[in-house]
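*Asks:* Compute the structure for the input listed below.
(chains A and B)
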Amino acid sequence: MNNKITASDVCFYYGNNQAIKNINLAVEKNSVLALIGPSGCGKSTFLRCINRMNDIIPGTKITGEIKIDDESIYGQNFDVTNLRRRVGMVFQKSNPFPQSIFDNIAYGLKINGIKDKYEIERIVEHSLKSTALWDEVKDRLNKSAMGLSGGQQQRLCIARTIAVQPDVILMDEPASALDPISTQKIEELIQTLKENFTIMIVTHNMQQAARVSDYTAFFYMGELIEVNKTEIIFTKPDKEMTENYITGKFG
Amino acid sequence: MQTHLELELEQIKIKIFEMADLSIEAIIDSIESLKNADITLANKVIEKDKLIDKLELDIDDECIKFLVTRQPAASDLRFVLAMLKINTDLERIGDLSTNIAKETIKIDGGALLKPLIDIPRMGEISVSMIKQSFDAITEKDVEKAKDVIKMDNELDELNLQIYRELFTYMGESTRHVSQCLSLILVAKALERIGDHIKNIAERSVYYIEGEDIRHKAVNKNMS
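*Replies:* Next up is the predicted model:
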């Protein structure tokens, strides 16, 4: 298996409270891994470990190792800013900047040192086309992004993420606040994006996990109970606990 | 306390077991009617097949409704998929039993060439195969289901044996031809019933452990 991300014995603590316990998990390149499990099981915490978002929370500690492309991201002298360019993130609530649609995408490019106006225009267009947003916004690129619908805002955030050419995209319940049509568009997008990116998605929607992911990992109380091909997890999971969760018997 | 989801699954299970009971009754009665030249009983088998047909439609409806509204996974999904297919097999068993009953009506009280031994034996094997398949489902016992699959061989052999025997009878006198053909059709119907029960057992294995054991030879050759 051609692994993009490898987590070995990862433990994470909020103060004295251990939120993640000895996670060993590998994510195949250009695949979608869904993280499922009841609230508070540690799936979002684990997701945030991948781009070191947890670093900014005081009193937290991580042990173990996470590698992206065989490079330990918690190693000494590791460039965290560069990591966050390589590992983009999309959140439950869309969070466009209070700027124009164009500037939302151009911002990341500018801070990454791209100055050529035409190059920026090209990437903005490409990113918006990749997220199937171009036709909807091409005539109002200079209007505020805050005027877009929730689904459009979320796709804009994805466009903003992919504009800086990351390797990995982390999604934390990206469609949970959207209507079915917008959700479908995001799901379609995930399927397309995996051709170029490796995607990890946290979702509470079991059918969404089944639809969009290649692999599914089930977390419970900070532990990784089971990870396997999505088809197997949803038809014949190995562990009884997984079975009980996905059939709605607890959680 | 059972959840609504569990109650819905229970409803499907109750109906499929009711259908299995009716199928068993249909096999027993159709063979009894043949043995005793009981045309009234034969007509009853044909009439009661309508109940099996109705159950088939009901179970299909409930399974589809469950799939749409519950979007089940894992063992719940496997259960519903297995029941949808078992439903079709049971309905076919009902039809084949009416075929046997129709042969009774065709023979129309005529004296049998010889006392029936192997045909009732086939009926008994079929009935115990159905019972064991449904025990396997209830007890989630894969071995029991797999034993049912082996039992089908006995039916195949008996069918062949009956065919050979009746073929000899037909050679002896043309007067025997009509009844022999009827009895060959009856044995064939029972052999087909065995095939359907084998399907039921295979689908039970799928429900219990998620393994698809159908067409093993094909799977092996293609992979």
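*Asks:* Get me the contact residues on chain B for chain A.
*Replies:* Taking C-beta under 8 Å from any C-beta of the partner chain as the measure of proximity, chain B contacts chain A at B:3, B:5, B:71-78, B:209-210. Heads up, the C-betas are built off the backbone N, CA and C, glycines and all.
*Asks:* Now with 7 Å, please.
*Replies:* Within chain B, the positions lying close to chain A (C-beta under 7 Å from any C-beta of the partner chain) are B:5, B:71-78, B:210.
*Asks:* quick one: which of the residues you listed is nearest chain A?
*Replies:* Proximity to chain A was ranked across these by C-beta to the nearest C-beta; first place goes to B:Gly210, at 2.9 Å.
*Asks:* For B:Asn87, see how far away the nearest residue to B:Lys85 once chain neighbours are set aside is.
*Replies:* In space, not counting the residues next to it along the chain, B:Lys85 is nearest to B:Arg203; the distance is 5.1 Å by C-beta to C-beta, 6 or more residues apart in numbering or on different chains. When C-beta to C-beta, to the nearest Å is applied, the distance between B:Arg203 and B:Asn87 equals 10 Å.
*Asks:* Give me the neighbour count for the residue in the stretch 51-200 of chain A positioned nearest to chain B.
*Replies:* Ranked by C-beta to the nearest C-beta, the top residue of the stretch 51-200 of chain A for proximity to chain B is A:Pro180, at 13.6 Å. Applying other C-beta atoms under 10 Å in any protein chain shown, we find 9 other residues in the vicinity of A:Pro180.
*Asks:* Give me the local confidence score for it.
*Replies:* Looking at A:Pro180, its pLDDT stands at 90.
*Asks:* ditto for B:Lys106
*Replies:* Confidence score, pLDDT, at B:Lys106: 95.
*Asks:* That one: neighbour count?
*Replies:* Based on other C-beta under 10 Å, the number of other residues close to B:Lys106 is 14.
*Asks:* How about it, nearest residue that isn't a chain neighbour?
*Replies:* The spatial neighbour of B:Lys106 that comes closest, neighbours along the chain excluded (C-beta to C-beta, 6+ apart), is B:Ser182 at 5.7 Å.
*Asks:* from chain A, which residue is nearest to chain B?
*Replies:* Scanning chain A for the residue nearest chain B gives A:Lys236, at 2.9 Å (criterion: C-beta to the nearest C-beta).
*Asks:* From B:Met129, how far off is the closest residue to that residue other than its chain neighbours?
*Replies:* Nearest residue to A:Lys236, sequence neighbours excluded (C-beta to C-beta, 6+ apart): B:Gly210, at 2.9 Å. Computed with C-beta to C-beta, the distance linking B:Gly210 and B:Met129 is 23 Å.
*Asks:* okay, these two: which has more neighbours?
*Replies:* Counting neighbours by other C-beta under 10 Å for B:Gly210 and for B:Met129 shows that B:Met129 has the greater number, 25 against 15.
*Asks:* Just confirm that one contacts B:Ile197, I think it does.
*Replies:* Yes: under the criterion of C-beta atoms under 7 Å, B:Met129 lies in contact with B:Ile197, with a separation of 4.4 Å.
*Asks:* Quickly list what's touching both of the two.
*Replies:* The overlap between the contact sets of B:Met129 and B:Ile197 (C-beta atoms under 7 Å, 6 or more residues apart in numbering or on different chains) consists of B:Val148.
*Asks:* Quick check: closest non-adjacent residue to B:Ile16.
*Replies:* Nearest residue to B:Ile16 in three dimensions, chain neighbours excluded: B:Met83, at 5.3 Å (C-beta to C-beta, 6+ apart).
*Asks:* Just to be sure, that neighbour is in a helix?
*Replies:* Yes: counting by DSSP: H, G, I helix; E, B strand; the rest coil, B:Met83 is found in a helix.
*Asks:* show me what contacts it?
*Replies:* Under the criterion of C-beta under 7 Å, 6+ apart, the contact list for B:Met83 reads B:12, B:16, B:59, B:63.
*Asks:* what number of residues lie near the first one?
*Replies:* Other residues within reach of B:Ile12 by the criterion other C-beta under 10 Å amount to 20.
*Asks:* ok, now the last one?
*Replies:* By other C-beta under 10 Å, the residues close to B:Cys63 number 22.
*Asks:* for whichever helix or strand it is part of, packing partners?
*Replies:* Secondary-structure assignment from DSSP states H and E places B:Cys63 in helix B:39-70. Identification of packing neighbours for helix B:39-70 by 3 or more C-beta pairs under 7 Å, 6 or more residues apart in numbering or on different chains; DSSP states H and E yields helix B:4-35, helix B:74-107.
*Asks:* so where's chain B shaky on pLDDT?
*Replies:* Counting by pLDDT under 70, chain B has low-confidence residues at B:217-223.
*Asks:* and with 90 instead?
*Replies:* Under the criterion of pLDDT under 90, the regions of chain B flagged as low confidence span B:1-4, B:109-115, B:171-176, B:211-223.
*Asks:* In stretch B:176-183, which residues are buried?
*Replies:* For stretch B:176-183, the buried set under the neighbour-count rule, 16 or more other C-beta atoms under 10 Å in any protein chain shown, comprises B:176, B:179-180, B:182-183.
*Asks:* contacting residues for the closest residue to A:Glu187 other than its chain neighbours?
*Replies:* Beyond its immediate neighbours in the sequence, the residue positioned closest to A:Glu187 (C-beta to C-beta, 6+ apart) is A:Val212, lying 5.1 Å away. Shown in contact with A:Val212 (C-beta under 7 Å, 6+ apart): A:32, A:34, A:187, A:190-191, A:201.
*Asks:* Identify the farthest-apart pair in these.
*Replies:* Comparing every pair within those by C-beta to C-beta identifies A:Ala34 and A:Gln191 as the most remote, at 12.7 Å.
*Asks:* on that earlier part again, mind checking which of the buried residues of stretch B:176-183 are in helices?
*Replies:* The members of those that map onto helices under DSSP state H are B:179-180, B:182-183.
*Asks:* Kindly reformat these as TSV containing distance to A:Pro96.
*Replies:* Converted to TSV, these look like this (distance: C-beta to C-beta, whole Å):
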residue	distance to A:Pro96
B:Gln179	85
B:Cys180	83
B:Ser182	79
B:Leu183	80
